[in-house]
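1. 3D, please:
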Amino acid sequence: MLLMLASALCFACMALAAKLASRTLPAGEITLVRFAIMLLPLALVPGWRRQALRFQRLDLLVYRGLFGGLAVLLYFFAIAHVPVGIATLLNYSSPVFSVLFAAVFLGERADPRLLGPFVAALAGVFLVSTGRTELAGGLTFGRWELAGLASAVLSGAAVAAIRAARRSESSWAIYGSFSIFGLVVAAPFGFAGFRTPTAREWALLAAVGGFSIAAQLLMTYAYRWVTNLQAGVLAQLTVIVSLAAGALWLGERLGARALAGCVLTLAGVVGVVWLQSTPRAVE
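-> The predicted structure follows:
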């Protein structure tokens, strides 16, 4: 539980570092460097590299890498243009969509009771995405909010691919596919308009990559002991910490409608996780 908690905090720190870096660097460049740094454990530790290169279902690993890489890219674009807490909330609504992908591609039966929390989560997303325009009297769903929501949909697809891949593939093979194909996806956007970062910007990029590695490894290790329910609920701590960090340190204030949407979305996501959770076996 403590390892999963630490993972959630690391993901929140990654989001905050990405937000700070995006003030002067393009989101594509941040994403590219993040995935490049994530490859370091495989490059430096031969045992992990050998495990990553052993696989049986390359197609599932490609799906996991491509969907996950696109999700991170869109997430970082959202972070660059909307409050970090809002971007994180949108991205972390992915369990709602992973249920749909699991039903379609893994043949899992969707519990009819999921309809309630599913609708609640989507309603919350709408309130959050339009809450920033309430003073202007509009209800616009901007393209960057849409990018954040699209990142959640793709994350849901990536999770479904992970669950299918875990039937035959190791954790390191899945980690490697995410890092490699994520780098491929980010490359066209990262190299377009790439500029050499300053020392401060390199420090922020290192923080993005370092916290990403720590979060991924802690999460992978913790999954040996925690249930899906525990992992899914604790992951939402990333959203809460990101919202708090944005308000305290970045001056990102949210209106009443957006705050209500945050509560509704979190409740809906936790409801989905609760209804879909089953105990995990120790590996």
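2. where do the helices sit along the stretch 151-283 of the chain?
-> Ranges of helices in the stretch 151-283 of the chain, per DSSP state H, counting those that start in this stretch, are 171-191, 199-222, 228-235, 237-249, 256-276.
3. Take those and write them to a markdown table, including mean pLDDT.
-> Listed next are the helices of the stretch 151-283 of the chain as a markdown table, based on pLDDT from 0 to 100:
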| stretch | mean pLDDT |
| --- | --- |
| helix 171-191 | 93 |
| helix 199-222 | 92 |
| helix 228-235 | 76 |
| helix 237-249 | 90 |
| helix 256-276 | 86 |
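4. Format those as TSV; extra columns: mean neighbour count.
-> (Glycine included, C-beta is placed from N, CA and C.) Converted to TSV, the helices of the stretch 151-283 of the chain look like this (neighbours: other C-beta atoms under 10 Å):
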stretch	mean neighbour count
helix 171-191	21
helix 199-222	18
helix 228-235	19
helix 237-249	19
helix 256-276	20
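5. Just tell me which of the ones you listed ends up closest to Arg50.
-> helix 171-191 (8.6 Å; C-beta to C-beta).
6. The closest one relative to helix 199-222, how many degrees between them?
-> 160 degrees (axes from the mean of the first three to the mean of the last three C-alpha atoms, to 10 degrees).
7. how about stretch 142-155: buried residues?
-> By 16 or more other C-beta atoms under 10 Å, the buried positions in stretch 142-155 come out as Trp144, Glu145, Ala147, Gly148, Leu149, Ala150, Ser151, Ala152, Val153, Leu154, Ser155.
8. if you average pLDDT over it, what comes out?
-> For stretch 142-155, mean pLDDT is 91.
9. got a list of contacts for that stretch?
-> 67-68, 70-75, 77-78, 80-82, 86-87, 90-94, 96-98, 125, 128-129 (C-beta atoms under 8 Å, 6 or more residues apart in numbering).
10. Tell me the secondary structure of the closest residue in space to Phe194 that isn't next to it in sequence, please.
-> Sequence neighbours aside, Glu29 is the residue nearest to Phe194 in space, at 5.5 Å (criterion: C-beta to C-beta, 6 or more residues apart in numbering). Here Glu29 is recorded as helix under DSSP: H, G, I helix; E, B strand; the rest coil.
11. quick one: Glu29 and Leu5, what's the gap?
-> In this view, Glu29 and Leu5 are 31 Å apart by C-beta to C-beta, to the nearest Å.
12. neighbour count winner among the two?
-> Between Glu29 and Leu5, counted using other C-beta atoms under 10 Å, the more crowded position is Glu29 (23 against 16).
13. Go ahead and confirm that one touches Gly190.
-> Yes - using C-beta atoms under 8 Å, Glu29 is in contact with Gly190, at 4.9 Å.
14. residue contacts, Ala120?
-> Leu264, Thr265, Ala267, Gly268, Gly271.
15. And it, what's its pLDDT?
-> Ala120 is given a pLDDT of 88.
16. how close does it get to Val99?
-> From Ala120 over to Val99 (counting by C-beta to C-beta), the distance is 14 Å.
17. Please apply the same query to Thr238.
-> With C-beta to C-beta as the criterion, Thr238 and Val99 are 19 Å apart.
18. for Pro188, same thing?
-> Separation of Pro188 from Val99 (C-beta to C-beta) stands at 31 Å.
19. do Arg163 as well
-> Taking C-beta to C-beta, one finds Arg163 at 11 Å from Val99.
20. So if I had to pick from these two, which one is more boxed in?
-> Val99 (23 against 18).
21. Just to check, that one is in contact with Phe118?
-> Yes - at 7.5 Å, Val99 counts as touching Phe118 under the criterion of C-beta under 8 Å.
22. Now the common contact residues for the two.
-> Counting by C-beta under 8 Å, 6+ apart, the common neighbours of Val99 and Phe118 are Val272.
23. so where does Ala80 fall, helix or strand?
-> helix 58-81 (DSSP states H and E).
24. Mind listing what's buried along that helix?
-> Quick answer for helix 58-81 (16+ other C-beta under 10 Å): 60-61, 63-81.
25. pull the CA atoms of it into PDB?
-> This file holds the C-alpha atoms of helix 58-81, laid out as PDB (Å, rounded to 0.1, in the frame of the first residue of the first chain):
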ATOM      1  CA  LEU A  58       4.500  -8.600 -29.900                       C
ATOM      2  CA  ASP A  59       1.200  -7.300 -31.100                       C
ATOM      3  CA  LEU A  60      -0.100  -6.700 -27.600                       C
ATOM      4  CA  LEU A  61       3.100  -5.000 -26.600                       C
ATOM      5  CA  VAL A  62       2.800  -2.700 -29.700                       C
ATOM      6  CA  TYR A  63      -0.700  -1.900 -28.700                       C
ATOM      7  CA  ARG A  64       0.300  -1.100 -25.200                       C
ATOM      8  CA  GLY A  65       3.200   1.000 -26.300                       C
ATOM      9  CA  LEU A  66       1.400   3.000 -29.000                       C
ATOM     10  CA  PHE A  67      -1.800   3.600 -27.000                       C
ATOM     11  CA  GLY A  68       0.200   4.500 -23.900                       C
ATOM     12  CA  GLY A  69       2.600   6.700 -25.800                       C
ATOM     13  CA  LEU A  70      -0.100   8.700 -27.500                       C
ATOM     14  CA  ALA A  71      -1.900   9.000 -24.100                       C
ATOM     15  CA  VAL A  72       1.100  10.500 -22.500                       C
ATOM     16  CA  LEU A  73       1.700  12.800 -25.400                       C
ATOM     17  CA  LEU A  74      -1.900  14.200 -25.300                       C
ATOM     18  CA  TYR A  75      -1.700  14.400 -21.500                       C
ATOM     19  CA  PHE A  76       1.400  16.600 -21.700                       C
ATOM     20  CA  PHE A  77      -0.200  18.800 -24.300                       C
ATOM     21  CA  ALA A  78      -3.200  19.200 -22.000                       C
ATOM     22  CA  ILE A  79      -0.900  20.000 -19.000                       C
ATOM     23  CA  ALA A  80       0.800  22.700 -21.100                       C
ATOM     24  CA  HIS A  81      -2.500  24.500 -21.800                       C
END
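26. Good, we can wrap up now.
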